[in-house]
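# Here's a sequence, model it:
(one chain, ligands or ions: 2)
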Amino acid sequence: MDDIEKNYADFISTVSHELRTPLTSIRGFSQTMLTSWNKLDDESKKHFVKIIEDQSNRLIHLVENMLSVTKMQTTGGNFVFNEFDIKSPIEQIISVVRTQYPSHKFEFLYANTTAGIFADKDKFQQVMTNLIENSAKYAVENSKTTIKTFMENNNVVIQVSNIGIGIEEKDYDKIFTKFARLDNPLTRKVQGSGLGLFITKNLVEKMYGEITVKSEPLEDMQNYSKITFTVSFPVKNIEEQARIKCNQ
Ligand SMILES: Nc1ncnc2c1ncn2[C@@H]1O[C@H](COP(=O)(O)OP(=O)(O)OP(=O)(O)O)[C@@H](O)[C@H]1O
Ligand SMILES: [Mg+2]
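Ligands and ions are numbered 1, 2, ... in the order given. Modelled structure (predicted):
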(Lines give C-alpha, C1' and ligand atoms only; values in the text may rest on other atoms or scores of the structure.)
(Ligands and ions follow the chains in the order given, each with its own letter.)
Protein backbone atom coordinates (compact mmCIF):
# COMPACT_ATOMS: atom_id res chain seq x y z
CA MET A 1 0.00 0.00 0.00
CA ASP A 2 1.35 3.47 -0.82
CA ASP A 3 1.02 6.43 1.57
CA ILE A 4 -2.19 7.77 -0.02
CA GLU A 5 -3.86 4.35 0.15
CA LYS A 6 -2.74 3.93 3.75
CA ASN A 7 -4.06 7.38 4.72
CA TYR A 8 -7.35 6.56 3.01
CA ALA A 9 -7.58 3.16 4.71
CA ASP A 10 -6.84 4.76 8.11
CA PHE A 11 -9.45 7.45 7.47
CA ILE A 12 -12.13 4.92 6.48
CA SER A 13 -11.35 2.76 9.48
CA THR A 14 -11.58 5.71 11.93
CA VAL A 15 -14.75 7.02 10.28
CA SER A 16 -16.41 3.60 10.38
CA HIS A 17 -15.59 3.30 14.05
CA GLU A 18 -16.90 6.82 14.80
CA LEU A 19 -20.15 6.07 12.91
CA ARG A 20 -20.61 2.64 14.39
CA THR A 21 -20.64 3.76 18.04
CA PRO A 22 -23.72 6.03 17.82
CA LEU A 23 -25.45 3.70 15.33
CA THR A 24 -25.02 0.70 17.63
CA SER A 25 -26.50 2.69 20.46
CA ILE A 26 -29.48 3.90 18.36
CA ARG A 27 -30.20 0.34 17.20
CA GLY A 28 -29.83 -1.09 20.72
CA PHE A 29 -32.22 1.36 22.38
CA SER A 30 -34.77 1.11 19.54
CA GLN A 31 -34.72 -2.71 19.74
CA THR A 32 -35.15 -2.65 23.52
CA MET A 33 -38.15 -0.35 23.17
CA LEU A 34 -39.74 -2.47 20.44
CA THR A 35 -39.32 -5.78 22.25
CA SER A 36 -40.11 -4.55 25.79
CA TRP A 37 -42.57 -1.68 25.13
CA ASN A 38 -45.20 -2.91 27.63
CA LYS A 39 -42.67 -3.56 30.38
CA LEU A 40 -41.12 -0.11 30.25
CA ASP A 41 -42.49 2.80 32.28
CA ASP A 42 -42.87 6.25 30.69
CA GLU A 43 -39.75 7.55 32.40
CA SER A 44 -37.52 4.84 30.87
CA LYS A 45 -39.08 5.27 27.43
CA LYS A 46 -38.40 9.00 27.58
CA HIS A 47 -34.84 8.35 28.69
CA PHE A 48 -34.25 5.93 25.79
CA VAL A 49 -35.73 8.32 23.21
CA LYS A 50 -33.49 11.06 24.59
CA ILE A 51 -30.44 8.84 24.04
CA ILE A 52 -31.57 8.13 20.48
CA GLU A 53 -31.97 11.87 19.87
CA ASP A 54 -28.51 12.66 21.34
CA GLN A 55 -26.84 9.96 19.29
CA SER A 56 -28.60 11.10 16.09
CA ASN A 57 -27.36 14.65 16.72
CA ARG A 58 -23.88 13.24 17.22
CA LEU A 59 -24.11 11.45 13.85
CA ILE A 60 -25.34 14.57 12.05
CA HIS A 61 -22.51 16.64 13.56
CA LEU A 62 -19.97 14.00 12.57
CA VAL A 63 -21.25 13.74 9.00
CA GLU A 64 -21.29 17.56 8.64
CA ASN A 65 -17.70 17.77 9.86
CA MET A 66 -16.60 14.95 7.57
CA LEU A 67 -18.23 16.72 4.61
CA SER A 68 -16.30 19.88 5.52
CA VAL A 69 -13.06 17.88 5.53
CA THR A 70 -13.82 16.20 2.20
CA LYS A 71 -14.79 19.53 0.61
CA MET A 72 -11.55 21.12 1.76
CA GLN A 73 -9.51 18.26 0.41
CA THR A 74 -11.27 17.91 -2.95
CA THR A 75 -12.55 21.28 -4.19
CA GLY A 76 -10.24 23.25 -1.92
CA GLY A 77 -13.34 24.71 -0.24
CA ASN A 78 -14.49 27.38 -2.77
CA PHE A 79 -13.40 30.47 -0.87
CA VAL A 80 -14.99 33.81 -1.69
CA PHE A 81 -12.68 36.57 -0.42
CA ASN A 82 -13.92 40.00 0.65
CA GLU A 83 -12.89 42.62 3.15
CA PHE A 84 -15.22 42.86 6.16
CA ASP A 85 -15.33 44.02 9.78
CA ILE A 86 -15.20 41.21 12.30
CA LYS A 87 -17.16 42.85 15.13
CA SER A 88 -20.66 41.95 14.07
CA PRO A 89 -19.89 38.40 12.78
CA ILE A 90 -18.29 37.61 16.15
CA GLU A 91 -21.24 39.15 18.04
CA GLN A 92 -23.61 36.95 16.02
CA ILE A 93 -21.66 33.79 16.84
CA ILE A 94 -21.55 34.67 20.54
CA SER A 95 -25.32 35.09 20.64
CA VAL A 96 -25.83 31.69 18.96
CA VAL A 97 -23.39 29.86 21.26
CA ARG A 98 -24.92 31.64 24.29
CA THR A 99 -28.25 29.92 23.63
CA GLN A 100 -26.49 26.52 23.55
CA TYR A 101 -24.62 27.18 26.83
CA PRO A 102 -26.99 29.38 28.87
CA SER A 103 -25.03 29.18 32.14
CA HIS A 104 -21.71 30.09 30.52
CA LYS A 105 -20.60 33.74 30.47
CA PHE A 106 -19.10 35.55 27.48
CA GLU A 107 -17.09 38.75 27.38
CA PHE A 108 -16.22 40.47 24.10
CA LEU A 109 -13.38 43.01 24.16
CA TYR A 110 -13.21 44.62 20.74
CA ALA A 111 -10.51 47.23 20.15
CA ASN A 112 -11.87 50.01 17.96
CA THR A 113 -8.59 50.05 16.07
CA THR A 114 -9.25 46.49 14.78
CA ALA A 115 -8.99 46.60 10.98
CA GLY A 116 -11.20 44.61 8.61
CA ILE A 117 -9.95 41.24 7.41
CA PHE A 118 -9.74 39.94 3.85
CA ALA A 119 -11.27 36.48 4.04
CA ASP A 120 -14.35 34.36 3.30
CA LYS A 121 -17.06 35.52 5.74
CA ASP A 122 -18.87 32.17 6.04
CA LYS A 123 -15.62 30.31 6.63
CA PHE A 124 -14.53 32.95 9.17
CA GLN A 125 -17.80 32.37 11.01
CA GLN A 126 -17.20 28.61 10.93
CA VAL A 127 -13.77 29.22 12.50
CA MET A 128 -15.20 31.45 15.24
CA THR A 129 -18.08 29.04 15.89
CA ASN A 130 -15.67 26.14 16.43
CA LEU A 131 -13.43 28.14 18.77
CA ILE A 132 -16.20 29.78 20.79
CA GLU A 133 -18.17 26.52 21.06
CA ASN A 134 -15.03 24.72 22.28
CA SER A 135 -14.35 27.47 24.83
CA ALA A 136 -17.78 26.92 26.39
CA LYS A 137 -17.77 23.13 25.93
CA TYR A 138 -14.39 22.51 27.63
CA ALA A 139 -14.74 25.16 30.33
CA VAL A 140 -15.07 24.72 34.05
CA GLU A 141 -18.69 25.11 35.11
CA ASN A 142 -19.98 28.68 35.53
CA SER A 143 -16.85 30.24 34.08
CA LYS A 144 -16.31 32.82 31.38
CA THR A 145 -15.02 32.92 27.81
CA THR A 146 -13.15 36.05 26.82
CA ILE A 147 -12.96 37.03 23.17
CA LYS A 148 -10.50 39.80 22.47
CA THR A 149 -9.55 41.51 19.21
CA PHE A 150 -6.65 43.89 18.60
CA MET A 151 -3.95 44.87 16.11
CA GLU A 152 -0.35 43.63 16.28
CA ASN A 153 2.33 44.22 13.62
CA ASN A 154 -0.25 44.85 10.90
CA ASN A 155 -2.17 41.69 11.84
CA VAL A 156 -5.73 41.47 13.06
CA VAL A 157 -5.51 39.27 16.15
CA ILE A 158 -8.42 37.42 17.76
CA GLN A 159 -7.97 35.59 21.05
CA VAL A 160 -10.50 33.19 22.56
CA SER A 161 -9.73 32.11 26.13
CA ASN A 162 -11.41 29.97 28.73
CA ILE A 163 -10.61 28.20 31.98
CA GLY A 164 -10.38 24.45 31.68
CA ILE A 165 -8.07 21.49 31.98
CA GLY A 166 -4.67 22.54 30.69
CA ILE A 167 -3.31 21.30 27.38
CA GLU A 168 0.25 19.97 27.68
CA GLU A 169 2.78 21.51 25.32
CA LYS A 170 3.36 18.13 23.66
CA ASP A 171 -0.32 18.15 22.64
CA TYR A 172 -0.32 21.67 21.13
CA ASP A 173 0.09 20.28 17.59
CA LYS A 174 -1.89 17.10 18.17
CA ILE A 175 -5.23 18.83 18.92
CA PHE A 176 -5.20 20.32 15.40
CA THR A 177 -5.01 16.88 13.76
CA LYS A 178 -7.91 14.72 12.53
CA PHE A 179 -10.03 12.96 15.20
CA ALA A 180 -7.73 14.09 18.04
CA ARG A 181 -9.45 14.45 21.43
CA LEU A 182 -7.60 14.74 24.73
CA ASP A 183 -8.10 12.24 27.48
CA ASN A 184 -9.32 14.30 30.43
CA PRO A 185 -12.53 14.47 32.50
CA LEU A 186 -13.93 17.63 30.86
CA THR A 187 -13.44 16.11 27.38
CA ARG A 188 -14.89 12.73 28.36
CA LYS A 189 -18.02 14.46 29.68
CA VAL A 190 -18.97 15.91 26.28
CA GLN A 191 -19.30 14.53 22.78
CA GLY A 192 -17.18 15.56 19.84
CA SER A 193 -15.74 14.19 16.63
CA GLY A 194 -12.24 15.63 17.12
CA LEU A 195 -12.50 17.32 13.72
CA GLY A 196 -13.36 20.88 14.81
CA LEU A 197 -9.82 22.20 15.27
CA PHE A 198 -8.48 20.29 12.25
CA ILE A 199 -11.09 22.05 10.08
CA THR A 200 -10.48 25.37 11.85
CA LYS A 201 -6.71 25.33 11.25
CA ASN A 202 -7.19 24.38 7.60
CA LEU A 203 -9.68 27.20 7.02
CA VAL A 204 -7.52 29.79 8.82
CA GLU A 205 -4.44 28.85 6.80
CA LYS A 206 -6.34 28.90 3.50
CA MET A 207 -7.31 32.48 4.42
CA TYR A 208 -3.59 33.35 4.92
CA GLY A 209 -3.90 33.36 8.71
CA GLU A 210 -2.32 31.48 11.58
CA ILE A 211 -3.70 29.74 14.64
CA THR A 212 -1.87 28.79 17.84
CA VAL A 213 -2.79 27.59 21.31
CA LYS A 214 -1.28 28.34 24.71
CA SER A 215 -2.18 26.90 28.08
CA GLU A 216 -1.11 28.64 31.30
CA PRO A 217 -1.65 27.09 34.76
CA LEU A 218 -3.72 29.26 37.13
CA GLU A 219 -2.26 30.03 40.54
CA ASP A 220 -5.61 30.57 42.23
CA MET A 221 -7.36 27.52 40.73
CA GLN A 222 -5.40 24.33 41.20
CA ASN A 223 -5.69 21.77 38.38
CA TYR A 224 -7.01 24.36 35.94
CA SER A 225 -5.41 26.52 33.29
CA LYS A 226 -6.23 29.45 31.10
CA ILE A 227 -6.39 28.14 27.54
CA THR A 228 -6.02 30.69 24.76
CA PHE A 229 -6.47 30.17 21.04
CA THR A 230 -4.94 32.99 19.00
CA VAL A 231 -5.91 33.55 15.38
CA SER A 232 -4.21 36.24 13.33
CA PHE A 233 -4.90 37.52 9.84
CA PRO A 234 -2.42 39.79 8.04
CA VAL A 235 -3.93 43.04 6.75
CA LYS A 236 -3.92 42.85 2.95
CA ASN A 237 -3.45 45.94 0.81
CA ILE A 238 -5.41 46.52 -2.42
CA GLU A 239 -2.76 44.93 -4.68
CA GLU A 240 -2.56 41.80 -2.51
CA GLN A 241 -6.37 41.60 -2.41
CA ALA A 242 -6.50 41.81 -6.20
CA ARG A 243 -3.87 39.08 -6.55
CA ILE A 244 -5.82 36.75 -4.22
CA LYS A 245 -9.06 37.42 -6.09
CA CYS A 246 -7.36 36.62 -9.41
CA ASN A 247 -6.06 33.31 -8.10
CA GLN A 248 -9.46 32.20 -6.81
N1 LIG B 1 -11.03 25.65 24.57
C2 LIG B 1 -10.55 24.46 24.93
N3 LIG B 1 -10.19 24.21 26.23
C4 LIG B 1 -9.69 23.02 26.58
N5 LIG B 1 -9.51 21.97 25.75
C6 LIG B 1 -9.86 22.14 24.46
C7 LIG B 1 -10.39 23.39 23.99
N8 LIG B 1 -10.64 23.27 22.67
C9 LIG B 1 -10.30 22.02 22.32
N10 LIG B 1 -9.84 21.32 23.39
C11 LIG B 1 -9.35 19.91 23.38
O12 LIG B 1 -8.93 19.62 22.05
C13 LIG B 1 -9.68 18.52 21.51
C14 LIG B 1 -9.91 18.72 20.02
O15 LIG B 1 -10.87 19.75 19.79
P16 LIG B 1 -11.78 19.72 18.48
O17 LIG B 1 -12.62 20.94 18.47
O18 LIG B 1 -10.91 19.45 17.32
O19 LIG B 1 -12.67 18.41 18.66
P20 LIG B 1 -13.97 18.14 19.54
O21 LIG B 1 -14.48 19.42 20.16
O22 LIG B 1 -13.62 17.02 20.45
O23 LIG B 1 -15.00 17.63 18.45
P24 LIG B 1 -15.80 18.51 17.35
O25 LIG B 1 -15.27 19.92 17.40
O26 LIG B 1 -15.48 17.87 16.07
O27 LIG B 1 -17.19 18.38 17.77
C28 LIG B 1 -10.95 18.46 22.36
O29 LIG B 1 -11.49 17.16 22.38
C30 LIG B 1 -10.45 18.90 23.73
O31 LIG B 1 -9.86 17.81 24.41
MG1 LIG C 1 -14.73 21.14 18.90
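
# any idea how far Glu216 is from the residue of the chain most remote from its centre?
In terms of distance from the mean C-alpha position of the chain, Asn38 ranks first, at 41.9 Å (C-alpha atoms, centre = their mean). Distance of Asn38 to Glu216, given as C-beta to C-beta, to the nearest Å: 57 Å. Bear in mind the C-beta positions are built from the backbone N, C-alpha and C, glycine included.

# Excluding its own residues, what touches stretch 64-82? List them.
15, 118-123, 126, 178, 193, 195-196, 198-199, 202-203, 206-207, 241, 244-245, 248 (C-beta atoms under 8 Å, 6 or more residues apart in numbering).

# Now with 10 Å, please.
With C-beta atoms under 10 Å, 6 or more residues apart in numbering as the test, stretch 64-82 has contacts from 11, 15, 18-19, 116-123, 126, 130, 178-179, 192-196, 198-200, 202-203, 206-208, 236, 241, 244-245, 247-248.

# Just the buried residues of these.
Neighbour counting with 16 or more other C-beta atoms under 10 Å marks 11, 15, 18, 117-120, 123, 126, 130, 178-179, 192-196, 198-200, 202-203, 207-208, 236, 244 as buried within those.

# And the helix or strand hosting Gln31, what's buried?
Using DSSP states H and E, Gln31 sits in helix 3-36. Buried residues in helix 3-36, defined by neighbour count with 16+ other C-beta under 10 Å: Phe11, Val15, Glu18, Pro22, Ser25, Ile26, Phe29.

# hmm, that helix in reach of ligand 1?
No - using C-beta under 6 Å from any ligand atom, helix 3-36 never reaches ligand 1; the gap is at least 9.9 Å.

# How far off centre is that helix?
The chain centre lies 22 Å from the centre of helix 3-36; the measure is C-alpha atoms, centre = their mean, to the nearest Å.

# What residue spans form the domains of the chain?
For the chain, automatic domain parsing gives the domain ranges 3-74, 82-247.

# What is the neighbour count of the closest residue to Phe124 other than its chain neighbours?
Of all residues not flanking Phe124 in the chain, Pro89 sits nearest, at 6.3 Å (C-beta to C-beta, 6 or more residues apart in numbering). When neighbours are defined as other C-beta atoms under 10 Å, Pro89 has 17 of them.

# buried ones in the helix or strand hosting Pro89?
Element membership for Pro89 (DSSP H and E) is helix 87-100. Residues of helix 87-100 classed as buried: Pro89, Ile90, Ile93, Ile94, Val97 (neighbour count, 16+ other C-beta under 10 Å).

# out of the residues you listed, who's nearest ligand 2?
Taking C-beta to the ion as the measure, Val97 is the one of the buried residues of helix 87-100 closest to ligand 2, at 11.6 Å.

# Around ligand 2, pick out the residues from this structure.
Asn134, Gly196 (C-beta under 5 Å from the ion).

# In the chain, where is pLDDT below threshold?
Scanning the chain with the threshold set as pLDDT under 70 gives 1.

# need the strands for it, in chain order.
82-84, 105-110, 117-119, 144-152, 155-164, 210-217, 225-234 (DSSP state E).

# Parallel or antiparallel, which strands does the fourth one pair with?
Yep, that's strand 144-152 we're talking about. Note on strand 144-152: by DSSP bridges, its sheet partners are strand 105-110 (parallel), strand 155-164 (antiparallel).
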